[in-house]
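>>> quick one: sequence plus predicted model below, questions after.
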Amino acid sequence: QMVRQQEAQITELIQQNETLTQQIQALKARVAQLQPPLFGRKTEQTKDLVPENHDGDQEACNASEATSESKNNRGKQPGSKGYGRRRRSGLPTEEILHELPKAEQCCPRCGKPFSVFPGSEDSEEIHWEVRLVRHIHKRTRYRPTCNCRAVPGIMTAPPVPKLIPKGMFSCSFWVHLLLEKFLFQRPLYRVRQVLALEGLSVSQGTLTGGLKRIGELRQPLYAGILERSRAADHWHRDETRWMVFAEMEGKVGYRWWLWVVVPPDSDAYPLEPTRSAKVPKNHLGEEAEGIINADRYVVYKSLGGKIRIAFCCSQVRRDFVRIHDVHKRLRPWATTWIERINALFAQNAKRLEGLA
């Protein structure tokens with residue numbers, strides 16, 4: 001009876017050991033899966049992948065490692081010959097004449113004046129000049145000198161067109177402000193500080209109100225881009241979270257979603273408070289038909305049978321790279337698929353070179 005009890009305990013311990021071993025392997029795989037995104041390099045480039053059970057390929061792997069170690073760092077190497085200073089002849093040029101002071105334009109012993117020698121000693125520098133200018137537009141007024149009375153009263157030259165009627169800023173000013181805010185991502189309060197250093201004090205409400213007016217002027221152009229995008233039959237689509245610090249009724253939190261729609265000849269970036277399927281459905285409409293290049297987000301699968309989805313090969317490759325790094329037993333299988341996808345990328349690069 002004691003022997004049977006011991007055998008039962010041994011069997012139970014063996015099962016527990018197998019269960020714990022599986023859990024440990026799963027946890028190790030999870031750690032190996034999470035470690036590269038958190039602590040590794042943010043790149044998807046991989047070295048030459050050689051399965052561990054391929055004995056004949058080990059020498060090739062060692063040779064590739066030796067070759068990679070012998071390569072120098074990227075870029076200009078220390079001790080190599082330089083290219084010399086490049087002339088920026090495309091920039092606007094302004095010549096500045098420098099002369100000797102009057103007291104030094106004569107011989108210090110006899111006092112006879114120097115004669116000007118042909119030519120000059122030239123050197124150049126690039127000057128960065130930022131200034132604000134107040135333009136006063138003076139429109140000439142005219143009065144007829146005849147008695148025909150074809151033109152009643154006094155005639156005046158037409159006013160200068162402005163982006164915002166009766167606004168104080170020119171079109172060039174708003175262009176620079178749009179570049180500062182949306183291209184260089186500089187907040188308005190910092191732009192105001194820069195303007196204050198140049199002598200212009202302007203309230204943030206004035207700039208904000210002007211940007212709102214410009215946004216209203218751009219609505220027809222934006223609607224035209226959306227219509228052009230809907231008329232296509234092939235789109236690249238993706239979405240990413242975007243923080244919008246504005247309160248909205250029925251919306252909890254400030255997380256919005258910036259969607260990107262890239263057909264062959266136009267780009268659209270709808271900013272929506274939701275990530276649901278109604279965003280691509282509202283954009284494409286019910287009669288849309290074509291191909292979408294996208295990730296495996298489930299929303300794209302609900303667009304109907306007329307829309308075919310071409311999944312992103314980079315994300316498929318990323319899955320095989322993760323399997324290669326996490327599961328040693330599946331490395332040969334994952335390596336085969338990674339090499340196939342790499343070959344596909346290489347062929348596509350050649351195709352693009354032929355189209356260029």
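Everything's here; your move.
>>> biggest helix in the protein, by residue count?
Counting by DSSP state H, the longest helix found in the chain is helix 2-39.
>>> gap between that helix and the chain center?
46 Å (C-alpha atoms, centre = their mean, to the nearest Å).
>>> residues of it that come out buried?
Ala29 (16 or more other C-beta atoms under 10 Å). In short, each C-beta sits where N, CA and C put it, glycine included.
>>> over to stretch 276-287?
Val279, Pro280, Lys281, His283, Leu284.
>>> check contacts around the first one.
Meaning Val279. By C-beta atoms under 8 Å, 6 or more residues apart in numbering, the contact set of Val279 is Glu239, Trp257, Trp259, Pro270, Glu272, Val299.
>>> how many other residues sit next to the first one?
Spelled out, it's Glu239. 19 (other C-beta atoms under 10 Å).
>>> before we move on, what about the second one?
Using other C-beta under 10 Å as the criterion, Trp257 is surrounded by 17 other residues.
>>> got the phi and psi for it?
Backbone torsions for Trp257, taken as degrees, to the nearest 10, come to phi -140, psi 130.
>>> check what pLDDT the nearest residue to it once chain neighbours are set aside gets.
For Trp257, ignoring the flanking residues on the chain, the nearest one in space by C-beta to C-beta, 6 or more residues apart in numbering is Arg275 at 4.7 Å. What the model reports for Arg275 is a pLDDT of 92.
>>> quick one: low-confidence ranges for the chain?
Within the chain, the ranges that satisfy pLDDT under 70 run 37, 40-72.
>>> mind redoing it with 80?
Along the chain, the parts satisfying pLDDT under 80 run over 32-76, 82-85, 152, 356.
>>> the helices in it, which residues?
2-39, 58-70, 171-178, 188-197, 204-230, 278-284, 313-326, 331-355.
>>> check this protein for its longest strand and report it.
In terms of residue count, the longest strand belonging to the chain (DSSP state E) is strand 234-243.
>>> if we can go back for a sec, closest to Thr156 among the buried residues of stretch 276-287?
Of all the buried residues of stretch 276-287, His283 has the smallest distance to Thr156: 48.6 Å, by C-beta to C-beta.
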